[in-house]
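Asker: Following is a predicted model, sequence given first.
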Amino acid sequence: MKRLLIAAVLFSSVHLMAQNRTIKVDYKKEAGKLNTMFKECIGAGRANEGLRADWQEQLKLVKKECDFKYIRFHGLLTDDMAVYREDEKGNPEYNYQYVDVLFDFIVSLKMKPFVELGFMPNALASGKETIFWWKGNVTPPKDYKKWEDLIKNLTQHFTERYGAEEVKTWYFEVWNEPNLSPGFWTGTQADYFKLYEYAARGVKAVNSAYRVGGPATAGAAWVPETIDFCAKNNIPMDFVSTHTYGVKHGYLDEFGTSGTILSQDEFSVSGDILNSRKQIAASAKPNLELHYTEWSTSYTPADPIHDSYHSAAYILQKLKQVGNAATSMSYWVFTDIFEEAGPRFTPFHGGFGLMNTQGIKKPAYFSYYLLNKLGETELQNSDKASWTAKNAKGDVQVLLWDFTNTHPGDKELNQTYYVKDLPSKEKGKVKVEIDGMQKGKYLLEIYKVGYKVNDAFASYLAMNKPSQLTRQQVNSIKEKNNGAPIATEKITIDAKGTFSKEFKINENDVVMLNLIKK
């Protein structure tokens, strides 16, 4: 027992000594082009929400400041988008007026749709089972040939409206989380494979160069099985898509009533992605792109970790761990204008969004905002919780963080833990050293996200959590948490070409140093 106590003390001492970090890089030592898979795609709730003015304003801002390339959402084919009906003789009638409004807007932002093909139009459905407040039909088609014809007609419409060269750059993903049955799919795996086959045929009938894939599963499921099915039956498959979340306790909880617990596994989320890449490499189609079309800390839009400052460092940690394994990782979602459980009644309710309904930026938002400030060339860097980069103008960026999982484990749910005031503890010092820099004058900008710094939920707590925010309260929270540098400093790099700075860091802090050459 005494040996165990001594060992524990020694380990604790080593652990504490290891808190001080040095991030040392050389401006001239490049690691190559920065991998920007983190901003390839972003999620949104459902297509119909994209017709709202506030949704569109938020997406415009997210595009400007975070530069996501694609956007993915549910419900493109549900009845609130008025896509499909049948006449009295059972002949299909197609209509894309609502779809055109949404897609025209997306394309106007120089974004691209990651087209999720779902859910089932009621006139084409084999049953009445639905999911969510907005009643997406989750049953197989009553007629698979009519399903194929719908997808073909839709794809042809996109081609006529936007041109084949543009649509070649899109992705067509068949359905959403069909392994959650009942839930998102009332059929079997075999039924899904049939749905996929007919949808893929419909897309490829218009243009064989268009990209189609799936299975868009929850929990990284069905990847080898889907590839195997497509390979053995000569069915087109251009990419793999699947999902993962960072909590324990199942996969589907739209109301957040069952409770969630942030996983203590160091490689939650990222471990799934690394494993999916291994599964693809071992398959009959080893070079398929891998798109994680949903990921986040938690799979319920009623989890306060989404609003917490802990999310900012968590996001960066997971993206860094993934490395080059994923082609894209689409954070679920960009806005709390999201109605799976119906319209929400409070401004901070644990919603998925990077921004809340009023457009207040959460700490998670700033992870992507700061990532987007990184230059196009990555520098060699052995530190596992930072990115270092430069751009053609001679600017240098260091984005670093501390991720510490402070969740107490199985004894408490996220729903009670992350609504508390959770001060962050000191985590030692970080020293940043950059050698080989160009001589001259620079403006150093320092950005930070952490406890009560760009921490909108803390501002909301300080207001005693009003159930509704006045215009003045919204503006106050936005102004206090606007992502501006916390400090700026003019510095001169002499002929030695060395920059050095040391500062304290706390648990779950995110810090960026941006050296702008003058």
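Answerer: Perfect, thanks for sending it.

Asker: Assess the claim that Thr293 and His243 are in contact.
Answerer: Yes: using Cβ atoms under 8 Å, Thr293 is in contact with His243, at 6.5 Å. C-beta: built from backbone N, CA, C; applies to glycine.

Asker: Mutual contacts of those two, please.
Answerer: Common contact partners of Thr293 and His243 (Cβ atoms under 8 Å, 6 or more residues apart in numbering): Ala216.

Asker: Report the contact partners of Phe105.
Answerer: Counting by Cβ under 8 Å, 6+ apart, Phe105 has contacts 50, 56, 59.

Asker: my guess is the last one meets Val333, correct?
Answerer: No: Leu59 is beyond contact range of Val333, at 10.6 Å (criterion: Cβ under 8 Å).

Asker: Give me the common contacts of these two.
Answerer: Ala44.

Asker: When those two are compared, which one has more neighbours?
Answerer: Val333 (26 against 23; other Cβ atoms under 10 Å).

Asker: so that one makes contact with Cys41?
Answerer: No: Val333 lies out of contact with Cys41 (Cβ under 8 Å); the separation is 11.0 Å.

Asker: Overlap in contacts, those two.
Answerer: Here Val333 and Cys41 have no joint contacts, going by Cβ under 8 Å, 6+ apart.

Asker: Report pLDDT for the residue nearest to the spatial centre of the chain.
Answerer: The chain has Tyr331 as the residue nearest its centroid, 0.8 Å off, counting by Cα atoms, centre = their mean. Model confidence at Tyr331, given as pLDDT, is 98.

Asker: helices and strands around the one helix or strand Arg201 maps to, which ones?
Answerer: Using DSSP states H and E, Arg201 sits within helix 189-206. With contacts defined as 3 or more Cβ pairs under 8 Å, 6 or more residues apart in numbering; DSSP states H and E, the packing partners of helix 189-206 are helix 144-162, strand 171-174, strand 211-217, helix 223-233.

Asker: Only alpha carbons, please: show it as CSV.
Answerer: What follows is helix 189-206, C-alpha atoms only, in CSV (Å, rounded to 0.1, in the frame of the first residue of the first chain):
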residue,chain,number,x,y,z
GLN,A,189,-29.9,-3.2,-43.4
ALA,A,190,-30.8,-5.0,-46.6
ASP,A,191,-33.7,-2.5,-47.1
TYR,A,192,-31.2,0.3,-46.8
PHE,A,193,-28.8,-1.3,-49.2
LYS,A,194,-31.7,-1.5,-51.7
LEU,A,195,-32.6,2.2,-51.1
TYR,A,196,-28.9,3.1,-51.6
GLU,A,197,-28.7,1.0,-54.8
TYR,A,198,-31.7,2.7,-56.4
ALA,A,199,-30.6,6.2,-55.3
ALA,A,200,-27.1,5.7,-56.6
ARG,A,201,-28.5,4.5,-60.0
GLY,A,202,-30.7,7.6,-60.1
VAL,A,203,-27.7,10.0,-59.5
LYS,A,204,-25.4,8.2,-61.9
ALA,A,205,-28.0,8.0,-64.6
VAL,A,206,-27.7,11.8,-65.0
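
Asker: Give me the buried stretch members for it, please.
Answerer: Within helix 189-206, the residues that count as buried by 16 or more other Cβ atoms under 10 Å are 189, 191-204, 206.

Asker: Just flag the most distant two among those.
Answerer: Farthest-apart pair in those is Gln189 and Val206; separation 26.9 Å (Cβ to Cβ).

Asker: ok, back up a step: now for the residue nearest to the centre of the chain: which residues touch it?
Answerer: With Cβ under 8 Å, 6+ apart, Tyr331 has these contacts: 42-43, 295-296, 315, 354, 364, 368.

Asker: which residues does Asn207 contact?
Answerer: Asn207 makes contact with 155, 159, 164, 167-168 under the criterion Cβ under 8 Å, 6+ apart.

Asker: let's see it at 10 Å
Answerer: Residues near Asn207 by Cβ atoms under 10 Å, 6 or more residues apart in numbering: 155-156, 158-159, 164, 167-168.

Asker: same check, this time on Glu86
Answerer: Contacts of Glu86 (Cβ under 10 Å, 6+ apart): 92-93, 121, 123-124, 143, 146.

Asker: Tell me the pLDDT of it.
Answerer: The model's pLDDT for Glu86 equals 98.

Asker: Distance check, Phe345 against Gly351.
Answerer: 11 Å (Cβ to Cβ, to the nearest Å).

Asker: ok, those two, which is more surrounded?
Answerer: Taking Phe345 and Gly351 together and counting by other Cβ under 10 Å, Gly351 has the greater number of neighbours (28 against 8).

Asker: in the stretch 401-518 of the chain, which spans are strands?
Answerer: Counting by DSSP state E, counting those that start in this stretch, the stretch 401-518 of the chain has strands at residues 426-435, 440-449, 487-493, 499-506, 510-517.

Asker: most packed of those?
Answerer: Of those, the one with the most neighbours on average (mean count of other Cβ atoms under 10 Å) is strand 510-517, at a mean of 21.

Asker: Averaged pLDDT, it. What do you get?
Answerer: What strand 510-517 shows for mean pLDDT is 98.
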